[in-house]
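J.: sharing a model prediction with you, sequence too.
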Amino acid sequence: MLRAVLIGTICAACAWTADPSLETTLAKMDQASAKFAGLTADLRRVAHTAVINEDSVDSGTVTMKRPRPRDIRMLYDTKLPDPKQYAFDGRKGEIYLPKVQTVQEYDLGKYRGLLDQFLLLGFGSSSKELENAYTITYGGAETIGGERTTRLELIPKSQEMLAHLKRVDLWIADTTGVPVQQKFYMPGGDYQLATYSNTKINPTIPDSAVKLNLPKGVKREYPGK
């Protein structure tokens, strides 16, 4: 009897030490989500291709703006290794290739459901939204770029999403409640790692800051049409 009580007490203690870390992080994300209007940051991305065991790396600056809930607009201005710009407004995606003075435009309407789930991943998303779309577990405390974070492991609940994305790890800053790093695990062993630094939350962001800044005479293409 005494042994059973002791085992039960130990198990309860173990559960207690795990749950508050997750709950505390989700509470911080809720606080950040309630007032999130946008951010600017430096961004470094690593894309790993498993079949050839090779990484491709780019870096630049990212600007996000959320004028309304579930409405994220973004511009990623790549500086290295090749200048490019990626713009997203929820309905379409654009890629500007300055070397050939061309914009590639993609209609994202048919992927809206998948995009909504991607957009939940840490920027302006509440814990309820995350828990509706993902099974969330506590991954532990880690330091990324000198910043203390809590890592969350997310598994999509949607079978449609699982066909494209097997798992996501989010490293949530203990101070701000927004991601410092994201890792997307794709089928076949590929992954993408995004690391944010010099992040400024809720600065004044004009609409023009999340749109492509194009010179005259740029050609526009519509791949997939």
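T.: Here it is on my side, so go on.
J.: can you show me the strands along the protein?
T.: Using DSSP state E, the strands assigned to the chain run over residues 38-49, 54-68, 71-80, 84-88, 92-97, 102-107, 134-144, 147-156, 167-173, 179-185, 191-201, 219-221.
J.: and the ones you listed: which comes nearest residue 24?
T.: strand 147-156 (7.8 Å; Cβ to Cβ). Placement of C-beta: from N, CA and C, glycine included.
J.: so the closest one versus strand 179-185, what angle?
T.: 30 degrees (axes from the mean of the first three to the mean of the last three Cα atoms, to 10 degrees).
J.: which residues does residue 46 form a beta bridge with?
T.: residue 57, residue 193 (DSSP bridges).
J.: the closest residue to residue 220 other than its chain neighbours: neighbouring residues, count only.
T.: Of all residues not flanking residue 220 in the chain, residue 103 sits nearest, at 4.9 Å (Cβ to Cβ, 6 or more residues apart in numbering). Using other Cβ atoms under 10 Å, residue 103 has 18 other residues around it.
J.: so what's residue 103 up against?
T.: Contact analysis of residue 103 by Cβ atoms under 8 Å, 6 or more residues apart in numbering lists 94, 95, 96, 97, 212, 214, 218, 219, 220, 221.
J.: tell me what it is bridged to.
T.: As for beta bridges, residue 103 partners with residue 96, residue 220 under DSSP bridges.
J.: for this structure, which spans come out with low pLDDT?
T.: By pLDDT under 70, the low-scoring segments of the chain are 1-20, 112-120.
J.: for residue 41, see how far away residue 197 is.
T.: Going from residue 197 to residue 41 by Cβ to Cβ, to the nearest Å gives 7 Å.
J.: the two: which has the busier surroundings?
T.: More crowded of residue 197 and residue 41, by other Cβ under 10 Å: residue 41, with 19 against 15.
J.: what's the first-to-last distance across stretch 127-138?
T.: Taking Cα to Cα, to the nearest Å as the measure, stretch 127-138 stretches 13 Å from start to finish.
J.: returning to that earlier point: who wins for proximity to residue 32 among the strands of the chain?
T.: The nearest among the strands of the chain, by Cβ to Cβ, is strand 191-201 at 7.6 Å.
J.: sorry, back to before: generate a PyMOL selection restricted to the buried entries among the contacts of residue 103.
T.: Filtering the contacts of residue 103 down to the buried ones (16 or more other Cβ atoms under 10 Å) takes a single PyMOL command:
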select buried, resi 94+95+96+97+212
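J.: next, count neighbours for the closest residue to residue 138 other than its chain neighbours.
T.: Spatial nearest neighbour of residue 138, excluding adjacent residues (Cβ to Cβ, 6+ apart): residue 22 at 4.1 Å. For residue 22, the neighbour count with other Cβ under 10 Å is 16.
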